[in-house]
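Colleague: Need a 3D model of the following:
(one chain, ligands or ions: 1)
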Amino acid sequence: MVQSPINPADINTIQGVYGVKPNLPFTLGNEGFGSIEEVGSEVKNLKVGDWVIPGMNAWGTWRTHALEEEKNLLKIPNDIDPAMAATLAVNPGTAYRMLKDFEKLNKGDIVLQNAANSAVGQNVIQIARQLGFRTVNILRNREGIDKLKQELQDLGADYVLTDEEFRSSKLFKSGDLAPPKLVLNCVSGKAVIELVKAMADNATLVTYGGMSRQPLVVPTSAFIFKNIRLVGYWMTRWNWKHGIESHERREMLDTLCAMARQGTLRAPKHELVPLDSYKDALARSCDTSRFHEAKLIFKF
Ligand SMILES: NC(=O)c1ccc[n+]([C@@H]2O[C@H](COP(=O)([O-])OP(=O)(O)OC[C@H]3O[C@@H](n4cnc5c(N)ncnc54)[C@H](OP(=O)(O)O)[C@@H]3O)[C@@H](O)[C@H]2O)c1
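Modeller: Here you go, the predicted structure:
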């Protein structure tokens, strides 16, 4: 293995609150890539030096070496940024599927999202731009917010606002922007109320994260008068359904790898950490008192 990130799902797995509860002992890590060091005599499509990602979830990417059958690995280009390769399997796919599978959007349509600085959020911004959609991005306010806003704009974000700015904004009310048909929710809790207020009639809100650890709070009137639709998305379930060798899986991976090679899809803001600093890295990842600064990626 070369690099593998610490994702909220890994923390949730350790805490025993994730959708997958593995039997113990268990090797952690759900995302990451390896470089082939040796192949058996019957291996046909992989050679030494190729880069691969595991085809299944909860494969255990936090390790230096693995022996795996060819059929369980997906080949990726070995000339992309290693941090992009390490973070390719989960978050870009989540962003891609949410942008493609729930609403038929036209060029120029608006996608609204919260936690826009998350790894998924950064992927949404970049992939939406590639697909021709515009993004309205919400963040929590903090020291250095202007720098963070600029970073997201550099990725292709059209509008970046803090929670407070969004609450008082006339963006959708003034008629400047058509209300969004697709809204992506990473936070849940009361923050969803403002998202729902902004939604177009018949629009869809996709919930993929619950970073506030609170239930969704949604005004009843929005269901009745606006006929909005609330759905959830889980990449793991999509992967289970589509399998390793499906056309859909390959099409998605090829599209994301092509964007990565062109430089239109970049790795989330990150910090590389050695595996032997895992205690500090996990403590930082679990610390809910601080704002998210960068994705921590183990470099083996
Ligand atoms: N459903 C799926 O298939 C799927 C796939 C991938 C990821 N996810 C989920 O998506 C979420 C983000 O994952 P990631 O890897 O992109 O995360 P990440 O890069 O670690 O970023 C975490 C994000 O959560 C925000 N956040 C943390 N606590 C918050 C709170 N109390 N209120 C509001 N925002 C808060 C952070 O904002 P601040 O900077 O303000 O702290 C940051 O934007 C996680 O819940 C993860 O499990 C789901």
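
Colleague: from here on, contacts and neighbour counts on C-alpha atoms
Modeller: Fine.

Colleague: What are the contacting residues of stretch 87-99?
Modeller: 4-5, 31-32, 53, 119-121, 123-124, 127-128, 182, 184, 206, 233-235, 252-253, 256, 267-268 (CA atoms under 8 Å, 6 or more residues apart in numbering).

Colleague: so for that stretch, what's the average pLDDT?
Modeller: What stretch 87-99 shows for mean pLDDT is 97.

Colleague: for it, the distance to its chain's centre please.
Modeller: 5 Å (CA atoms, centre = their mean, to the nearest Å).

Colleague: Equivalent analysis for stretch 271-285, please.
Modeller: Centre to centre, stretch against its chain (CA atoms, centre = their mean), the figure for stretch 271-285 is 20 Å.

Colleague: buried sites along that stretch?
Modeller: Neighbour counts over stretch 271-285 (16 or more other CA atoms under 10 Å) mark 272-273, 275, 281, 285 as buried.

Colleague: tell me the mean pLDDT for that stretch?
Modeller: 95.

Colleague: can you start the count at 7 instead of 1 from here on
Modeller: Let's use 7 as the start, then, which means that last one is stretch 277-291.

Colleague: okay, that stretch in PDB with CA atoms only?
Modeller: The C-alpha atoms that make up stretch 277-291 are tabulated as PDB, following Å, rounded to 0.1, in the frame of the first residue of the first chain:
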ATOM      1  CA  GLU A 277      -1.700  16.300   5.100                       C
ATOM      2  CA  LEU A 278       0.500  13.200   4.800                       C
ATOM      3  CA  VAL A 279       1.200  11.400   8.100                       C
ATOM      4  CA  PRO A 280       3.400   8.400   8.800                       C
ATOM      5  CA  LEU A 281       1.600   5.300  10.000                       C
ATOM      6  CA  ASP A 282       3.500   5.300  13.300                       C
ATOM      7  CA  SER A 283       1.800   8.700  14.100                       C
ATOM      8  CA  TYR A 284      -1.500   6.900  14.000                       C
ATOM      9  CA  LYS A 285      -2.500   7.700  17.700                       C
ATOM     10  CA  ASP A 286      -2.100  11.500  17.100                       C
ATOM     11  CA  ALA A 287      -3.700  11.300  13.700                       C
ATOM     12  CA  LEU A 288      -6.700   9.400  15.100                       C
ATOM     13  CA  ALA A 289      -7.000  11.800  18.000                       C
ATOM     14  CA  ARG A 290      -7.000  14.700  15.700                       C
ATOM     15  CA  SER A 291      -9.600  13.100  13.400                       C
END
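
Colleague: so does that stretch get close to the ligand?
Modeller: No: between stretch 277-291 and the ligand, judged by CA under 6 Å from any ligand atom, nothing touches; the nearest distance is 7.6 Å.

Colleague: Run through who's touching that stretch.
Modeller: 12, 14, 17, 300-306.

Colleague: go again using 6 Å as the cut-off
Modeller: 302-305 (CA atoms under 6 Å, 6 or more residues apart in numbering).

Colleague: before we move on, back to that, return the subset of the buried residues of stretch 277-291 lying in strands.
Modeller: When DSSP state E is applied, the buried residues of stretch 277-291 are split such that 278-279 fall in strands.

Colleague: Farthest pair within the buried residues of stretch 277-291?
Modeller: Across these, the longest distance by CA to CA is 14.1 Å; it joins L281 and S291.

Colleague: Specify the beta-bridge partners of K305.
Modeller: Q9, P280 (DSSP bridges).

Colleague: neighbours around it, how many?
Modeller: 21 (other CA atoms under 10 Å).

Colleague: who touches it in this structure?
Modeller: By CA under 6 Å, 6+ apart, the neighbours of K305 are 9, 278-280.

Colleague: what pLDDT does it get?
Modeller: K305 is given a pLDDT of 98.

Colleague: what do you get for S180?
Modeller: Reported pLDDT for S180: 82.

Colleague: So it lies in a strand, does it not?
Modeller: No: applying DSSP: H, G, I helix; E, B strand; the rest coil, one finds S180 to be coil, outside a strand.
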